[in-house]
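Below are the sequence and a predicted model for it; my questions follow.
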Number of protein chains: 2
Amino acid sequence: MTPDEQRSKAKRFLELHHAPAILKLPNAWDVVSAKIFQLEGYQAIATTSAGVAATLGYPDGQRMSLDESTQVTKRLADCIDLPISADIEAGYADDVEGVVRTARITLEAGAVGINLEDSSSCDVHGVLMETPAMVQRVAGIRMMADEIGIPLVINARTDVYLTCETNSPEILRETISRANAYRAAGADCIFIPDSGILDEKILIELVREIDAPLNVIVDAHLPSIPRLEEIGIARISMGPRPMRAVLARLRIIARELMQQGTCDAMTEETMSYAQVNSLFER
Amino acid sequence: MTPDEQRSKAKRFLELHHAPAILKLPNAWDVVSAKIFQLEGYQAIATTSAGVAATLGYPDGQRMSLDESTQVTKRLADCIDLPISADIEAGYADDVEGVVRTARITLEAGAVGINLEDSSSCDVHGVLMETPAMVQRVAGIRMMADEIGIPLVINARTDVYLTCETNSPEILRETISRANAYRAAGADCIFIPDSGILDEKILIELVREIDAPLNVIVDAHLPSIPRLEEIGIARISMGPRPMRAVLARLRIIARELMQQGTCDAMTEETMSYAQVNSLFER
């Protein structure tokens, strides 16, 4: 990918955040999962840190190395002809300089977007950093990308709802305050994941009060994607949920073969050998 | 893993081929898929070349590099406390020396078993090599493993049924002849994959005429695993079928989110975030 190609891919990815249609951004964990999403018409691909870590034998939360994570990002960027956004968690460093370096390495690997979170771990019990610390990180990455000349799409994630696991006016105010600060520092999109707390009423409030495209994770407790689009959410992602769902399917297949000695679950719903191979034709 | 640990793992794996119970050997493509099989009680793990290749962005058939394939084998051997058998396809080389080198690299990566096939590609249109060429490869690998002192379990695969895609007495005779030659050269198990031709009658004939443990791929056109055990099959594997099935599931999830904007398929059958992370606790 030439710098010009990467630049236009980044621009295209940014435009998708401002289009009338909600951006449906699926989270892949390897090349073939990304290819399946591409086959179904998605226009950009994000990574899931939890999913990538699991394929490599690690729990989520910066336990794999930056190098291992970056290799997967690079492979996706090399193999998939769509904008790739990489989940760099909390930046794999404790200081601004280190986090900016991580973002630069990720950009150099071919990503045109990043997710950066403001808690020390994506575990639900992670610790939120102070707002200025995250603001400096976002601003530093923006400056780095401007210098390189690629409009890297920074998706700044605030984990207020994730780490507090509660719903109150204070939590809502803290989320809005952080979101607007991150936006002012140069974030292109604000990502607000939750574990079952957000509802339509809160989302409408967030859309009204935050001056940036908003990203939430699609899940059963939230409105459907068409409704999220109506209330003004700009981007939905899926996090590790698709991977967790296919692992559950694999477990059912494995259990049936072990316990019954039959292969109904494995054969009733499948792609052919030729179909899978054809995903990689160039 | 110390040499003694690897030796005892290899012995244990070989014993499973001679136990009264059929060996159910699942084919994984990354660490988390192997962990799911381990969770369901499987006692050893094999790789699927097609599956590993797909995660890395390649079609099947030695299109990924030996180094890429070996890295996955090593990661599995490092992360999974079960015997690991690696699919080395046709040995990633054109001569005996090169194939033996591939087997040695695979052994050094931590595998205690290998699959080696006698066609130039695992594509159904692959070309069978002459019997003596495969015999020399098997014998060379046996000698290498003996020198190192690890009883590497050689699963010699004959692709007569796969490449001919027909059923005749000649095909059956050719399969039996090759199998016994490979066994005499040092193979521990004979693998006879097919694409829908084998049936119980042929399998009974193969068990009677081949002087080695036999491995077939479980599939809907074959008897159930308990029946395969009764007729004397020693080992069943799954090839890329579990991966192909979970890719089909991923495609259903992706399509529903894209077309309906809902996530029923993603949420109705899933593992929790904590469950997946707990697979990697040491």
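On my side now, so go ahead.

got a list of what residue A:33 touches?
Applying Cβ atoms under 8 Å, 6 or more residues apart in numbering or on different chains to residue A:33 gives the contacts A:51, A:242, A:243, B:247, B:250. Heads up, the C-betas are built off the backbone N, CA and C, glycines and all.

what would the residues you listed look like in a markdown table with secondary structure, distance to residue B:46 and neighbour count?
Converted to a markdown table, those look like this (DSSP: H, G, I helix; E, B strand; the rest coil; distance: Cβ to Cβ, whole Å; neighbours: other Cβ atoms under 10 Å in any protein chain shown):
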| residue | secondary structure | distance to residue B:46 | neighbour count |
| --- | --- | --- | --- |
| A:51 | helix | 23 | 28 |
| A:242 | helix | 25 | 27 |
| A:243 | helix | 22 | 28 |
| B:247 | helix | 19 | 26 |
| B:250 | helix | 22 | 26 |
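
Quick check: the two most widely separated of these?
Spatial extent of these (Cβ to Cβ) is set by the pair A:51 and B:247 at 14.3 Å.

Chain B contacts on the stretch 101-250 of chain A?
Neighbours of chain B within the stretch 101-250 of chain A, by Cβ under 8 Å from any Cβ of the partner chain: A:218-220, A:224-227, A:229, A:238, A:240-250.

Swap in 6 Å and give it another go.
Residues of the stretch 101-250 of chain A lying close to chain B by Cβ under 6 Å from any Cβ of the partner chain are A:218, A:220, A:224-226, A:241-242, A:244-250.

ok, these vs chain B, which is closest?
When those are ranked by distance to chain B (Cβ to the nearest Cβ), residue A:225 comes first, at 3.2 Å.

Could you look up the SS state of the residue lying closest to that closest one once chain neighbours are set aside?
What sits nearest to residue A:225 in space, not counting adjacent residues and going by Cβ to Cβ, 6 or more residues apart in numbering or on different chains, is residue B:261, at 3.2 Å. Secondary structure for residue B:261, judged by DSSP: H, G, I helix; E, B strand; the rest coil, is coil.

right, and residue B:261 touches residue A:227 too?
No. With contact defined as Cβ atoms under 6 Å, residue B:261 does not count as touching residue A:227 (7.9 Å).

out of the two, which sits in the busier spot?
residue B:261 (18 against 14; other Cβ atoms under 10 Å in any protein chain shown).

For that one, give me phi and psi.
In terms of degrees, to the nearest 10, the main-chain angles of residue B:261 are phi 80, psi 20.

What segments of chain A are helices?
A:3-16, A:31-39, A:49-56, A:66-79, A:96-108, A:131-148, A:160-164, A:169-185, A:200-209, A:225-230, A:241-259, A:264-267, A:273-278 (DSSP state H).

Reformat these into a markdown table and put mean pLDDT next to each item.
As requested, the helices of chain A are exported to a markdown table (pLDDT from 0 to 100):
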| stretch | mean pLDDT |
| --- | --- |
| helix A:3-16 | 98 |
| helix A:31-39 | 98 |
| helix A:49-56 | 97 |
| helix A:66-79 | 98 |
| helix A:96-108 | 98 |
| helix A:131-148 | 98 |
| helix A:160-164 | 89 |
| helix A:169-185 | 97 |
| helix A:200-209 | 98 |
| helix A:225-230 | 98 |
| helix A:241-259 | 98 |
| helix A:264-267 | 97 |
| helix A:273-278 | 94 |
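
Tell me which of these sits most buried.
Stretch with highest mean neighbour count among those: helix A:49-56 (a mean of 26; mean count of other Cβ atoms under 10 Å in any protein chain shown).

can that helix be found next to chain B?
Yes. For helix A:49-56, a contact with chain B is found by Cβ under 6 Å from any Cβ, at A:54, A:55.

which strands and helices sit next to that helix?
If contacts are counted by 3 or more Cβ pairs under 6 Å, 6 or more residues apart in numbering or on different chains; DSSP states H and E, helix A:49-56 sits against no helix or strand.

so what pLDDT did residue A:122 get?
Note on residue A:122: pLDDT of 45.

My error: substitute residue A:282 in the last question.
The predicted local confidence for residue A:282 is 71.

Just give me the neighbour total for it.
6.

For it, which residues are in contact?
By Cβ atoms under 6 Å, 6 or more residues apart in numbering or on different chains, the contact list for residue A:282 is empty.

how near is it to residue A:83?
19 Å (Cβ to Cβ, to the nearest Å).

do the same with residue A:152
Distance from residue A:152 to residue A:83, by Cβ to Cβ: 11 Å.

again, but for residue A:89
20 Å.

do residue A:181 as well
26 Å.

again, but for residue A:241
Relative to residue A:83, and taking Cβ to Cβ, residue A:241 is found at 21 Å.

Same question for residue A:213.
In terms of Cβ to Cβ, residue A:213 sits 15 Å off from residue A:83.

again with residue A:232
22 Å.

what do residue A:152 and residue A:83 both touch?
Common neighbours of residue A:152 and residue A:83 (Cβ under 6 Å, 6+ apart) do not exist.

show me what contacts the nearest residue to residue A:252 once chain neighbours are set aside?
What sits nearest to residue A:252 in space, not counting adjacent residues and going by Cβ to Cβ, 6+ apart, is residue A:265, at 5.1 Å. By Cβ under 6 Å, 6+ apart, the residues touching residue A:265 are A:252, A:253, A:256.

Return the closest of those with respect to chain B.
residue A:253 (5.3 Å).

I'd say that closest one and residue A:268 touch.
No. At 10.1 Å, residue A:253 and residue A:268 do not qualify as touching, with contact defined as Cβ under 6 Å.

Outline the domain layout of chain A.
Domain assignment for chain A by automatic domain parsing gives A:3-239, A:241-282.

residues making contact with stretch A:224-236?
Contacts of stretch A:224-236 (Cβ under 6 Å, 6+ apart): A:17, A:22-25, A:203-204, A:207, A:213-216, A:218, B:261-262.

How about the nearest residue to residue A:182 once chain neighbours are set aside: which residues does it bridge to?
Of all residues not flanking residue A:182 in the chain, residue A:156 sits nearest, at 3.9 Å (Cβ to Cβ, 6+ apart). Note on residue A:156: beta-bridge partners by DSSP bridges are residue A:116, residue A:190.

what's near enough to touch residue A:156?
If you count contacts by Cβ under 6 Å, 6+ apart, then residue A:156 has A:116, A:138, A:182, A:187, A:190 around it.

which among these gets closest to chain B?
The nearest one, if we look at the contacts of residue A:156 relative to chain B and count by Cβ to the nearest Cβ, is residue A:116, at 19.7 Å.

how many neighbours does that closest one have?
Neighbours around residue A:116, by other Cβ under 10 Å: 25.

Over to residue A:211?
Other residues close to residue A:211 by other Cβ under 10 Å number 11.

residues in contact with it?
A:180, A:183.

Do you know the pLDDT at it?
So, for residue A:211, pLDDT stands at 96.

Please tell me how far it sits from residue B:226.
For residue A:211 relative to residue B:226 (Cβ to Cβ), the value is 64 Å.

now swap in residue A:98 and tell me
Applying Cβ to Cβ to residue A:98 and residue B:226 gives a distance of 57 Å.

for residue A:164, same thing?
52 Å.
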